[in-house]
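Student: Requesting a structural model of the entry that follows:
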Amino acid sequence: MASAFSPTWPMAYLKTFGPRADPVTGLTWGLTALSVAVIVIITVLVVAGVAVRRQRAAAAGQTLAVGGEAGGQSWIWIGLALTLIALIASLAWTVAVMAEVGSPPTRPALTLQITGHQWWWEVRYLGADPGQTFVTANEIHIPVGRPVLIKLNGADVIHSFWIPALAGKTDTIPGRTNQTWLQADRPGIYRGQCTEYCGLQHAHMAAFVIAEPPDAFEAWRQAQLQPAAAPAAPAATGEGLFVEHCGVCHTVRGGGAAGVAGPDLTHLMSRATLAAGTVPNTISGLEGWIANPQALKPGARMPATELSGPELGQLTAYLETLK
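Tutor: Purely as a prediction, here's the structure:
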């Protein structure tokens, strides 16, 4: 758990770091350059044409006539031919890029099922058997240099999953599974965001991809597979409070809470933020979030927890053990 969380690469889409996004970035720059070139050429031709006609009229001692000149139609055909060539080239390039990024170049290293909720991301790591499957939230760990297949669902309304430095946007739609993939070729933290307006806290629905070397990722995965350790006193008192006040919505594997409405908190303290990037995962941030989530994220589905000061401290002490 980190007290400060700063993405290595924030929300930027013109500099990318993987085979799912790089071809699209090249296409973006290419089409932008082509558009600029067309604007410049047309502007130069129009200005030159006006200047030449005025110069000819002045040399002949005449006013500038309104109308066309003989032979001007050839410029139209030349323009149409050049336009057609540019459009066909752009179409061919676009289709080639779409085919290149449509599926991973090699077999995916893992498959994730990501569900958009108002307003957080549920991330399910699918294993070969149920014992190898676990659930986390908002912070998505992947191995560097390996493709990751992502299946996207919407739990309530339409959301849109976007990690701009790694992949394009894909909607999460209730009742439907959409599919995308991504790959990070550099270690780091990549900032993402829901990009389909989905309600009051749409802007506070961030996602973070943490790309790690394969051995570091595997160590993280093995730690996430473990159930929560039994807390020692005085945190054990906080566990009872958690089950009573929070267990209807949250799960802690290995404990007595098995709710599914909110994020799985089995390894809560391994995350850097709370509430989809809204609050740093510090002790003060955790206490503030539990005591009054509406003050930090108005409209969030998490209700305020009616706890006394000592009870809040005991609950927080228990949550601190979920590493």
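Student: residue ranges with poor pLDDT in this protein?
Tutor: 1-6, 9, 56-72 (pLDDT under 70).
Student: The host helix or strand of residue 48: how far from the chain's middle?
Tutor: Of the helices and strands defined by DSSP states H and E, residue 48 is found in helix 22-59. Offset of helix 22-59 from its chain centre (Cα atoms, centre = their mean, to the nearest Å): 36 Å.
Student: other SSEs contacting it?
Tutor: On a contact count with 3 or more Cβ pairs under 8 Å, 6 or more residues apart in numbering; DSSP states H and E, helix 22-59 meets helix 73-101. (C-beta placed from N, C-alpha, C; glycine too.)
Student: what's the angle between the helix holding residue 48 and helix 73-101?
Tutor: Between helix 22-59 and helix 73-101, the angle comes out at 170 degrees (axes from the mean of the first three to the mean of the last three Cα atoms, to 10 degrees).
Student: my read is residue 151 is in a strand, agree?
Tutor: Yes. With DSSP: H, G, I helix; E, B strand; the rest coil as the criterion, residue 151 is assigned to a strand.
Student: Quick check: bridge partners of it?
Tutor: Beta-bridge pairing for residue 151 (DSSP bridges): residue 113, residue 179.
Student: Just give me the neighbour total for it.
Tutor: 17 (other Cβ atoms under 10 Å).
Student: Return the residues in contact with it.
Tutor: Residue 151 sits next to 111, 112, 113, 114, 177, 178, 179 when contact means Cβ atoms under 8 Å, 6 or more residues apart in numbering.
Student: so what's residue 274 bridging to?
Tutor: Where residue 274 sits in a bridge, its partners, by DSSP bridges, are residue 279.
Student: Next, residue 210: secondary structure please.
Tutor: Criterion first, three-state DSSP; result for residue 210: strand.
Student: Correct me if wrong: it contacts residue 139.
Tutor: Yes. Here residue 210 reaches residue 139: they are 6.0 Å apart, a contact under Cβ atoms under 8 Å.
Student: need the contact list for residue 277.
Tutor: By Cβ under 8 Å, 6+ apart, residue 277 lies in contact with 5, 138, 204, 206, 207, 208.
Student: farthest-separated two in these?
Tutor: 5 and 204 (14.2 Å; Cβ to Cβ).
Student: These two - which one has more neighbours?
Tutor: The neighbour comparison of residue 5 against residue 204 (other Cβ under 10 Å) goes to residue 204, with 20 against 17.
Student: what's the domain layout of the chain?
Tutor: As recorded under automatic domain parsing, the domains making up the chain are 22-101, 110-224, 235-319.
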